[in-house]
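Undergrad: got a sequence here, can you build the structure:
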Amino acid sequence: MSDGKKGNTIDMEEIKVSITTPIYPTEDAERVKEAVKKLFPKAKVNISGPFDTYDRVEVDLLVCEGGLEILEKFRKRIREQRILDTARSLIYSGGMKFSLNKQSALVEMINFKEKAPLGTINIEIEDSDNKLIDWLAPETEEGSPVDRNIEANSE
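TA: Below is the predicted model:
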């Protein structure tokens, strides 16, 4: 997808997305996987472990890695929930690292969270040219996204 403006396209091959979350012994691994898949349905999920935590609890670790395609539903939900400004602020201020509440994710709701008793869904995005934030959560004017013609380019 290109509009002829090379400066406004995101090279999909330059985007790296990593999603991780602990799975505690009191949690059902399938439910945690379902929570991640509700917001990131194109993510390929791997579960490994157990690993010891700092408080000597054994946890499994759910890990997903991929590219821009993983973020498509998440991007859609940011708009549907009308949280563009909040999402942009939290994602950008965190250096493209942010955490989401697992329970909210189960019902396809985005709830940014720093800490939770059973851990959070942690997302880290590598974006070499810093254009992804304008595609994922653009600036707004009077509640509407400011169109910067940012498109994904798979070439």
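Undergrad: so where's this structure shaky on pLDDT?
TA: Along the chain, segments meeting pLDDT under 70 span 1-8, 10-12, 147-155.
Undergrad: element containing the spatially most central residue of it, please.
TA: Residue closest to the mean C-alpha point of the chain, counted by Cα atoms, centre = their mean, is Ile123 at 4.9 Å. Using DSSP states H and E, Ile123 sits within strand 121-127.
Undergrad: what of Asn46?
TA: Assigned by DSSP H and E, Asn46 falls in strand 45-52.
Undergrad: look up how far Ile78 lies from Pro117.
TA: 25 Å (Cβ to Cβ, to the nearest Å). Backbone N, C-alpha and C define where each C-beta goes, glycine included.
Undergrad: next: Lys115.
TA: 22 Å.
Undergrad: kindly report the same for Ile19.
TA: Per Cβ to Cβ, Ile19 is found 16 Å from Ile78.
Undergrad: thinking again about what came up before, which helices and strands sit right next to the very next helix or strand once past the strand holding Ile123?
TA: Once strand 121-127 ends, the next helix or strand along the chain (criterion: DSSP H and E) is helix 132-136. Judged by 3 or more Cβ pairs under 8 Å, 6 or more residues apart in numbering; DSSP states H and E, helix 132-136 is in contact with helix 72-80, helix 84-93.
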